[in-house]
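K.L.:
Got a predicted structure here, sequence first:
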Amino acid sequence: MARFCLPRDIYHGKGALETLKTLKGKRAIICVGGGSMKRGGFLQRAEEYLRQAGMEVKVFEGIESDPSVETVMRGAAVMQEFQPDWIVAMGGGSPIDAAKAMWIKYEHPECSFADMCKVFGLPKLRTKAHFVAISSTSGTATEVTAFSIITDYQQGIKFPIADFEITPDVAIVDSELTLTMPQKLCAHTGMDALTHDLEAIVAVAHSPYSDALAIHSMKMIRDSLVKSYHGDPDARATMHDAQCLAGMSFSNALLGIVHSLAHKTGAAFSGGHIIHGAANAMYLPKVIKFNAAVPFAAARYAMCAEELGLAGAETSTEAKLAALIAWVRKFNDDLAIPHCIKEYAADGLPGEGMVSAAEFESKAAAIAANAMGDACTGCNPREMDAVLMEKVLRCCWDDSEVDF
């Protein structure tokens, strides 16, 4: 038996933010990040809508990119004092992920961060509060998923929290909010969404339900991502829906080692963070080639190439795989994302790399070992061990060929 879990309500389309007026409760806390929601006027609108719903409103601001364990604990303490019955998280993946973890600590003060990271092992939520997620970026889809990514900066590791308990009660997918996205963020989040689709398709927990969502999402991304990157507002709206569909797929099918490696390399290096979507974009072609050694995965990737119109039914599986990998790599070229860690600059654009060869060498084995323990590794279609993981990572370092 399998389970397919989504938010109870998904409100989508321009103006969906007004849904906040319909919530019933006494107190709501809004969790936001670095200021784009305030600069765009969306935070103020959310506050006003909640007040129109008759609620007292508190704002928890300043959640950083790649939110820390410390931020989670600080936000949970504010919630304990304020006692909200609605938690409203708005912005990109970072504030929504942080608010999910705060929610756990608010409802269960006895939970340590280590307790939160036990895969599908959380206690029941919703005894104190319900959760609304409002996405402003088109990639993480955390507004509809059972996942949260929190960084332990002392260890330099991103940890995924995975449990259907943290699937939001309400998701608001309003394309107006995406118009604030800078071009680079549009690129990275879009490739994150594509990675969600392609990992969900081959994940061992995939189902006909998740497949349908991922395949349609990929077609929307095929037609809209580059246009969205160049500022087309209609393409931005399409991408916002596409990434949400991808999120519904992978939240149920789960992911694979592209995400395991992205989680464990994101905060590992002293020169700066490797932005999550850029890491996925760099690693995805390598992992497709690696996983395709398994006939099941090869057939699934070949099916994607057909569905996307990259190759005909009569084309060989090998040619279909090559076409799919080339298609992903062309996206990276079109979106100014490098092809390997060695070329990744601190601002996420091609240029002088931020990671030295010496630092990579000193950390590669430990990163691979950490990636083996990531929640995403277990659903990868090819069985993994630390030696194989390190080999894949080394190909991601210098864009070398996967031949093992």
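P.N.:
Cool, got the structure.
K.L.:
just the strands in the chain please.
P.N.:
Here the chain has its strands, by DSSP state E, at 9-12, 27-31, 56-60, 86-91, 130-135, 147-152, 157-162, 170-173.
K.L.:
so Glu165 touches Lys124, yeah?
P.N.:
Yes - between Glu165 and Lys124 a contact is recorded at 6.6 Å, counting by CB atoms under 8 Å. All C-beta atoms are positioned from the backbone trio N, CA, C, and that covers glycine.
K.L.:
Neighbour count: those two, which is higher?
P.N.:
The neighbour comparison of Glu165 against Lys124 (other CB atoms under 10 Å) goes to Glu165, with 20 against 8.
K.L.:
Roughly how far does the more buried one sit from Tyr153?
P.N.:
25 Å (CB to CB, to the nearest Å).
K.L.:
and what of Asp9?
P.N.:
35 Å.
K.L.:
who's Val173 bridged to?
P.N.:
His12 (DSSP bridges).
K.L.:
Once you drop chain neighbours, what's closest to the residue minimising distance to the centre of the chain?
P.N.:
By CA atoms, centre = their mean, the chain has its centre lying nearest to Thr140, at 3.1 Å. Excluding the flanking residues, the one nearest Thr140 by CB to CB, 6 or more residues apart in numbering is Gly93, at 3.2 Å.
K.L.:
and the closest residue to Leu43 other than its chain neighbours, what does it touch?
P.N.:
Using CB to CB, 6+ apart and skipping the chain neighbours, the partner closest in space to Leu43 is Met37 (4.3 Å). Residues counted as contacts of Met37 (CB atoms under 8 Å, 6 or more residues apart in numbering) are Leu43, Ala46, Met90, Gly91, Ser136, Leu177, Thr180.
K.L.:
which one of those residues sits closest to Glu70?
P.N.:
Using CB to CB, Gly91 comes nearest to Glu70 of the contacts of Met37, at 18.7 Å.
K.L.:
can I assume the closest one is in contact with Ile30?
P.N.:
No - with contact defined as CB under 8 Å, Gly91 does not reach Ile30; the gap is 9.8 Å.
K.L.:
so where's the protein shaky on pLDDT?
P.N.:
Applying pLDDT under 70 to the chain flags residues 347-351.
K.L.:
Can you spell out the domain ranges of it, please?
P.N.:
For the chain, the structural domains run 9-178, 192-398, going by automatic domain parsing.
K.L.:
which residues of the stretch 251-400 of the chain fall in helices?
P.N.:
Per DSSP state H, counting those that start in this stretch, the stretch 251-400 of the chain carries helices over the ranges 257-265, 276-291, 295-307, 317-334, 357-372, 386-398.
K.L.:
Give me whichever of the ones you listed is most buried.
P.N.:
helix 257-265 (a mean of 29; mean count of other CB atoms under 10 Å).
K.L.:
which other helices and strands contact that one?
P.N.:
strand 157-162, helix 183-202, helix 276-291, helix 357-372, helix 386-398 (3 or more CB pairs under 8 Å, 6 or more residues apart in numbering; DSSP states H and E).
K.L.:
Among the ones you listed, which comes closest to Ile341?
P.N.:
helix 386-398 (4.9 Å).
K.L.:
still on that earlier bit, tabulate the strands of the chain (a markdown table), appending distance to Leu393 and mean neighbour count.
P.N.:
Shown next, in a markdown table, are the strands of the chain (distance: least, CB to CB, whole Å; neighbours: other CB atoms under 10 Å):
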| stretch | distance to Leu393 | mean neighbour count |
| --- | --- | --- |
| strand 9-12 | 36 | 16 |
| strand 27-31 | 33 | 25 |
| strand 56-60 | 36 | 18 |
| strand 86-91 | 31 | 27 |
| strand 130-135 | 30 | 27 |
| strand 147-152 | 19 | 24 |
| strand 157-162 | 14 | 23 |
| strand 170-173 | 34 | 25 |
